[in-house]
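**Q** sequence and predicted structure below; questions after.
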Amino acid sequence: MIEVRRLGQQIGAEILGVDVKTLDDTGFAAIYRTWLDYNVVVVPGQELQIEDFLRYSRRFGLVHPHPSKMTRHPDYPEITLLGANKVGPDGTLNLAIYRRGAEGWHTDGAYDQEPFKATQLYALAIPSTGGDTLFASMYAAYEALPARVKQRLDGRSGAFTYGGRRESRALLNEEDRDWKPVFHPIIRIHPETGRKALYFDPGKILKIEGLDEQESDALIEELTGRMIQSEGEYRHKWSKGDIVIWDNRCSYHKAAGDYPPEEDRIHWRVSIKERTGAGSLATG
Ligand SMILES: O=C(O)CCC(=O)C(=O)O
Ligand SMILES: [Fe+2]
């Protein structure tokens, strides 16, 4: 029997009593339902080979290679390696690798016409201290907005791009750095739950459409301050063998980015898209 345990007040659940390698369809349906309800699901204690991880990940949707080619697994382009090769041949720490995901709260793939539905990580090596991942709910962020802000955002889209206004593109190859902005409604309806979420990412948004630059900058700043209710956060302390999947359509996350740099913190990571939808045509 699968056991579900709530983690944070607004987000996160842990699933106990499963081996994802032998999970049947009924068991998977229970995990998927839990994931839609809690937005972040942790399955601890798994012993997986890459093929096992990919097979399980594909049950959630279409596993899609990440645009950062230099951090892909050399034999499995759909697998991104987090934390690998962070020290260069001359001994210097590559901060883009070490601090990946730690520059601020974000949602993965907002730069894409069809953003990633989910991101899933599997922990291979965990440092002795630090290196947590933090999560928060976009539904809760939307619900907590003052009526005045909800009204201003109603029907408005944001322009998003890889690297955003800071143009942080260090993990992309030179030839892949030319991104065209894409547009998403800032108040976005989750395609499976029908719930409204504050779909916003300060590191990827360029501007809010239909406002002049000053107004757009001011609203971006205000929304940045309204993303997170700290009492609703869930902070994941990793153990080796943990699988964690989050829903990029309704949750924010960030890496703490604070572990001893001489220690290993390695994850396999996959980006997962919807199995169908206009975006899968558009992105070819
Ligand atoms: O390494 C982590 O804790 C999360 C990094 C991140 O933001 C991501 O993988 O999308
Ligand atoms: Fe991320």
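**A** Arrived safely, thanks for sending. Numbers count the residues shown, from 1 in each chain. Ligands and ions are numbered 1, 2, ... in the order given.
**Q** so Gly45 sits right up against Ala123, yeah?
**A** No. The pair Gly45 / Ala123 is not scored as a contact, 10.7 Å apart, by C-beta atoms under 8 Å. Any C-beta I mention is one placed from the backbone N, CA and C, and that applies to glycine too.
**Q** can you tell me the helix or strand for the most centrally placed residue in the chain?
**A** By C-alpha atoms, centre = their mean, the chain has its centre lying nearest to Asp108, at 4.1 Å. Using DSSP states H and E, Asp108 falls within no helix or strand.
**Q** right, and it touches Asn248 too?
**A** Yes. Between Asp108 and Asn248 a contact is recorded at 4.9 Å, counting by C-beta under 8 Å.
**Q** which residues touch the closest residue to ligand 1 within the chain?
**A** Proximity of the chain to ligand 1 (C-beta to the nearest ligand atom) peaks at Gly101, 2.3 Å away. Neighbour list for Gly101: 82, 133, 253-255, 257 [criterion: C-beta atoms under 8 Å, 6 or more residues apart in numbering].
**Q** if you set the cut-off to 6 Å instead, what comes out?
**A** Contacts for Gly101 were tallied using C-beta atoms under 6 Å, 6 or more residues apart in numbering; they are Ala255.
**Q** would you say it is within a helix?
**A** No. Secondary structure of Gly101 (DSSP: H, G, I helix; E, B strand; the rest coil): coil, not part of a helix.
**Q** one step back: my guess is the residue nearest to the centre of the chain contacts Lys117. True?
**A** No. Using C-beta atoms under 6 Å, Asp108 is not in contact with Lys117, being 9.6 Å away.
**Q** need the contact list for the residue nearest to the centre of the chain.
**A** Asp108 touches 116, 119, 248, counting by C-beta under 6 Å, 6+ apart.
**Q** which of those residues fall in strands?
**A** Those of the contacts of Asp108 mapping onto strands are Thr119, per DSSP state E.
**Q** between the contacts of Asp108, which sits nearest ligand 2?
**A** Ligand 2 has its nearest neighbour among the contacts of Asp108 in Thr119, at 6.2 Å by C-beta to the ion.
**Q** in the lengthiest helix in the chain, what counts as buried?
**A** The residue-count maximum for a helix in the chain (DSSP state H) belongs to helix 25-38. By 16 or more other C-beta atoms under 10 Å, the buried positions in helix 25-38 come out as 27-28, 30-31, 34-35, 38.
**Q** same question for stretch 228-244.
**A** Residues 228, 232-234, 236, 238, 242-244 are the ones in stretch 228-244 that count as buried (16+ other C-beta under 10 Å).
**Q** can you give me the helices for the stretch 1-150 of the chain?
**A** Remark: helices assigned in the stretch 1-150 of the chain by DSSP state H, counting those that start in this stretch are 25-38, 50-57, 95-98, 138-143, 147-153.
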